[in-house]
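Engineer: what's the 3D shape of this:
(one chain, ligands or ions: 2)
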Amino acid sequence: MQKHSDLPQAFADLGIEVRFLKALRTMGFQTPSDIQLAMLPPALEGKDILGQARTGTGKTAAFGLPVLQGIDPGGRLQAICLAPTRELAVQVTAELQRLSAGTGIHLVSVYGGQKIATQAHQLGKKPHFVVGTPGRVMDMMQRGMLNISDARFVILDEVDRMLDIGFRDDIRRILSCVKSEHQTIFVSATLDEEITRLSKRYMTDPVEVNVSKDRLTVDNVDQSYVTAERRDKFRLLRILLERENPDVSIVFTNTKHIAHKLCKKLYEAGIEATEIHGDLMQNKRDRVMDQFRKGHIRVLVATDLAARGIDVSSVTHIFNYDIPADPEIYVHRIGRTARMGARGVAITFVSREEGKELTQVEALINREVTQRVVDGFVSDAPKEEPISRPPSRTERPVEEGAPKAPVRTLAAKFPTRRRRRM
Ligand code: ADP
Ligand code: MG
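Structural biologist: Residues are numbered from 1 along each chain as shown. Ligands and ions are numbered 1, 2, ... in the order given. All right, here's what the predicted structure looks like:
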């Protein structure tokens, strides 16, 4: 093969064609990530694949490149990818569009909350590749607007969420409509035994690729927790936002209600924050995500569903305003920062009753989350009562006025960026 010196040769070596290498060059991909290294060769061979790698490691291109490369731009609909949320469907579509720039491959995403007529119109333009949420895909299939029976590629992104009980029926029905011989690729940040078993029902002799079993957590994230009772959390957040002065942060809450209330309180306290959760209209959610991607939002208050899989590489701080009940959600949340090798900070607020949740997180990530003592902050719960967990925690005090570690945030990577103060 002719050598193109400035094209990413490492991708060429794995079998990626020049027409995609050009897009990769534009996107700044030089070397494949672990999951890409592991998935691209078997995927290009046409094998069914069940792939796991932690969030932010490039799973989209790992399934996207081989599928895009297998699409005939002269043909009709050939690939369908299902994703659990609207935001994710939009994000995956955008990434696939970038990956296939200049190849003549046409992608369309369909998801709930937007006018079905608009999306039907887009489907009328004969896309090669449709990305959608299960509910809307199902709906459009039933109305005869979408026919996937000839698809040759079937992809499930974030398969752990997709096979959550609520989606299972839709997934089964949608996938059973694909009548032609096809390649099936499922990817996920986590895979337990049950999900693996369910996934394999849809696959023939699948290759299992797992690049993160031992590294479930994000090594580049500085993880700590602060003991705070519920009524003190807001005060704590204010102090941390001021001291850490994050460039881009996400504050996770466990419910839409808390997200909404918190956002309002922040606003009243003069801190510009934006909320995103399932109660917002879809176009509002799209607008918020767009603003967030562009870096116009510094503090995003989010629920898990709305923020799942969101890839905004500039996120420097994650605040778990509420510790999630499910430790895997913790891993997903902190995966929003430290994308592709950058550094990030994750601070979790834990009340005395939540020691168990914290311990579960530590068991899952197989590492200790250190306690952070925030100078000037005391959560005035019944005194001297320690958090209900083994007391072997190393404490790491945060001195007042201490200079921030320079490499901890992305600001160090982008020194020219303006750092706004609150
Ligand atoms: P995941 O689905 O595993 O969470 P994504 O596919 O969303 O990860 O990728 C995370 C980010 O990393 C995206 O911004 C993507 O463009 C970028 N990325 C993916 N692969 C590479 C690569 N090989 N080199 C540089 N950046 C990459
Ligand atoms: Mg992804």
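Engineer: what residue spans form the domains of this structure?
Structural biologist: 9-210, 221-371 (automatic domain parsing).
Engineer: and Thr118, backbone torsions?
Structural biologist: Here is the backbone geometry of Thr118 (degrees, to the nearest 10): phi -60, psi -50.
Engineer: pLDDT value on it, please?
Structural biologist: Thr118 is assigned a pLDDT of 95 by the prediction.
Engineer: mean pLDDT for the domains of the chain: which is lowest?
Structural biologist: Least confidently modelled of the domains of the chain is domain 221-371, at a mean of 88 by mean pLDDT.
Engineer: for Phe377, which of the domains of the chain is the nearest?
Structural biologist: domain 221-371 (5.5 Å; C-beta to C-beta). Where you see a C-beta, it was placed from the backbone N, CA and C, and this is true even at glycine.
Engineer: what about the closest one, start to end distance?
Structural biologist: Domain 221-371 has an end-to-end distance of 15 Å (C-alpha to C-alpha, to the nearest Å).
Engineer: in three-state terms, how would Cys81 be classified?
Structural biologist: strand (DSSP: H, G, I helix; E, B strand; the rest coil).
Engineer: quick check: beta-bridge partners of it?
Structural biologist: For Cys81, the beta-bridge partners are Val131, Ile155 (DSSP bridges).
Engineer: quick one: contacts for it?
Structural biologist: Shown in contact with Cys81 (C-beta atoms under 8 Å, 6 or more residues apart in numbering): 63, 67, 92, 96, 129-132, 154-157.
Engineer: for Ala79, same thing?
Structural biologist: 67, 70-71, 128-130, 151-155.
Engineer: same deal with Ala62?
Structural biologist: Applying C-beta under 8 Å, 6+ apart to Ala62 gives the contacts 33, 35-36, 38-40, 43, 51, 53, 187.
Engineer: now render the domains of the chain as CSV, adding distance to Val378.
Structural biologist: Shown next, in CSV, are those (distance: least, C-beta to C-beta, whole Å):
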stretch, distance to Val378
domain 9-210, 34
domain 221-371, 8
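Engineer: of all the ones you listed, which one is nearest ligand 1?
Structural biologist: Of all the domains of the chain, it is domain 9-210 that lies closest to ligand 1, at 2.8 Å by C-beta to the nearest ligand atom.
Engineer: around ligand 1, which positions in the stretch 51-200 of the chain sit nearby?
Structural biologist: Applying C-beta under 6 Å from any ligand atom, we find that the stretch 51-200 of the chain lies next to ligand 1 at 53, 55-61, 95.
Engineer: wait, which of those residues is closest to Ser109?
Structural biologist: Comparing those against Ser109 with C-beta to C-beta places Glu95 closest, at 11.2 Å.
Engineer: all helices for the stretch 201-350 of the chain, in order.
Structural biologist: Using DSSP state H, counting those that start in this stretch, the helices of the stretch 201-350 of the chain run over 233-244, 256-268, 282-293, 304-307, 327-334.
Engineer: among those, which comes closest to ligand 2?
Structural biologist: helix 327-334 (10.4 Å; C-beta to the ion).
Engineer: any residue of the closest one up close to ligand 1?
Structural biologist: No: if you take C-beta under 6 Å from any ligand atom as the test, helix 327-334 misses ligand 1, and the best it gets is 9.4 Å.
Engineer: quick one: is that helix near ligand 2?
Structural biologist: No: using C-beta under 5 Å from the ion, helix 327-334 never reaches ligand 2; the gap is at least 10.4 Å.
Engineer: and Leu88, how far is that from ligand 2?
Structural biologist: Applying C-beta to the ion, to the nearest Å, the value for Leu88 to ligand 2 is 7 Å.
Engineer: and the residue of the stretch 1-150 of the chain found nearest ligand 2, what does it touch?
Structural biologist: Nearest to ligand 2, among the residues of the stretch 1-150 of the chain, is Lys59, at 4.7 Å (C-beta to the ion). Shown in contact with Lys59 (C-beta under 8 Å, 6+ apart): 35, 51, 53, 157, 187, 189.
Engineer: setting the sequence-adjacent residues aside, check what's closest to the third one.
Structural biologist: The shortest distance from Ala53 to any residue that is not its chain neighbour, by C-beta to C-beta, 6 or more residues apart in numbering, is 3.6 Å, and that residue is Ile35.
Engineer: list phi and psi for the one you found.
Structural biologist: The phi/psi pair for Ile35 (degrees, to the nearest 10) is phi -70, psi -30.
Engineer: surely it touches Val211?
Structural biologist: Yes: using C-beta atoms under 8 Å, Ile35 is in contact with Val211, at 5.1 Å.
Engineer: hey, what's in contact with both of the two?
Structural biologist: The contact sets of Ile35 and Val211 overlap at 53, 57 (C-beta under 8 Å, 6+ apart).
Engineer: related to what we said a few turns ago, filter the contacts of Lys59 down to the ones in strands?
Structural biologist: Counting by DSSP state E, the part of the contacts of Lys59 found in strands is 51, 187.
Engineer: export the contacts of Lys59 to JSON lines and tack on distance to Leu364?
Structural biologist: Shown next, in JSON lines, are the contacts of Lys59 (distance: C-beta to C-beta, whole Å):
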{"residue": "Ile35", "distance to Leu364": "20"}
{"residue": "Gly51", "distance to Leu364": "20"}
{"residue": "Ala53", "distance to Leu364": "16"}
{"residue": "Asp157", "distance to Leu364": "22"}
{"residue": "Val187", "distance to Leu364": "20"}
{"residue": "Ala189", "distance to Leu364": "12"}
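Engineer: torsion angles phi and psi at Ser100?
Structural biologist: phi -110, psi 20.
Engineer: who are the contact partners of it?
Structural biologist: Contacts of Ser100 (C-beta under 8 Å, 6+ apart): 20, 23, 68, 107.
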